[in-house]
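> Structure for this input, please:
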Amino acid sequence: MKVDSETPIALQVTEERFYSGEYERSPYEYLGGELVVCEPVSDLHDDLSGFLYSVLRNTFEERGDGVVKGPQYPMRLDPKWSPEPDVMVVRDEHRHRIGPQRLEGPADLVIEVASPGDVRRALRRKLPRYLAARVPEIWVVDPYAQSVRVEILDALEAAATPETSETLGSSNASPYRSQVVRAGRLDSVTFPGLWIDVSWLWQRPLPSTRSCERQILA
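A predicted model of the protein is given here:
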């Protein structure tokens, strides 16, 4: 399906219909019981999401402790929410959650890349649901502000030590610690030993994925 002037922005359907195959590879995500049309991705979004997917997939093939899934593969959180993150990583012990159509339950690391039409889309609509589902670790990459917002469950937060970050704090009602990382090394808390150099994301052209993978695995 293609997005055009007649494509509805949102359409209420049942979960059964969403997974019937009618909307396979469509421009929709299933959010809050609605098919919500996703804006076309930019060249920058496509490059960044592809870069992160490639680097992480090849890295985890070597590590063997996680499975990387990419865009258009739903993460089913409940009967009304099946968002499709740009990149997600599932711990090896949760591999049984990966089905032919969807991941059953939250991934262990979710990455979203903000889009140009609505830079805060992921933050405004999807991030609150990720937090409610207690996704252990979330990265929201904003190439326009050249920053990565990181959300980490408090139980894991003590091990997070990015070199250059701004701590946003967490309220008494939230189990998450938030921070914005603009430069330096960003270490995953959920997957010890996994890291990226945030400056890689702002380079044009992007660095070689093989070079980045070698550095991570060194």
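> So what's the residue count around residue 12?
Residue 12 is flanked by 10 other residues according to other Cβ atoms under 10 Å. The way it works is simple: take the backbone N, C-alpha and C, and place the C-beta from them, glycine included.
> Let me know whether it touches residue 30 as I believe.
No: in this structure, residue 12 is not within contact of residue 30 by Cβ atoms under 8 Å, at 10.5 Å.
> so where's this structure shaky on pLDDT?
Low-confidence regions of the chain, defined by pLDDT under 70, span residues 1-10, 39-40, 116-123, 155-173.
> can you give me how far the longest helix along it is from the chain middle?
Looking across the chain with DSSP state H, the single longest helix is helix 43-63. Mean-position distance between helix 43-63 and its chain equals 11 Å (Cα atoms, centre = their mean, to the nearest Å).
> Tell me which stretches of this structure form strands.
10-12, 28-31, 34-37, 66-69, 75-76, 87-91, 103-104, 109-113, 137-142, 147-153, 164-169, 176-183, 185-187, 195-197 (DSSP state E).
> just to revisit the earlier point, next, the angle strand 87-91 makes with the longest helix of the chain.
Here helix 43-63 runs at an angle of 20 degrees relative to strand 87-91 (axes from the mean of the first three to the mean of the last three Cα atoms, to 10 degrees).
> Pull the residues that contact helix 43-63.
The contact list for helix 43-63, computed with Cβ atoms under 8 Å, 6 or more residues apart in numbering, reads 41, 66-68, 70-71, 86-87, 89, 111, 113-116, 141, 143, 191, 193-194, 196, 200-201, 206, 209-210, 212-213, 216-217.
> for stretch 190-205, same thing?
Residues outside stretch 190-205 that contact it (Cβ under 8 Å, 6+ apart): 48, 51-52, 55-56, 59, 63, 65-66, 89, 91, 108-109, 136-137, 141, 143, 146, 148, 156, 159, 162, 164, 181-188, 206-207, 212, 215-216.
> switch to 6 Å and redo it
Residues from elsewhere that reach stretch 190-205, judged by Cβ atoms under 6 Å, 6 or more residues apart in numbering: 108-109, 136-137, 146, 148, 181, 183, 185-188, 207.
> Give me the distance between the two termini of stretch 73-85.
Across stretch 73-85, the terminal residues are separated by 8 Å (Cα to Cα, to the nearest Å).
> any idea how far residue 19 is from residue 202?
Separation of residue 202 from residue 19 (Cβ to Cβ, to the nearest Å) stands at 37 Å.
> With neighbour numbers in mind, choose between those two.
Using other Cβ under 10 Å, the more surrounded residue of residue 202 and residue 19 is residue 19, with 16 against 13.
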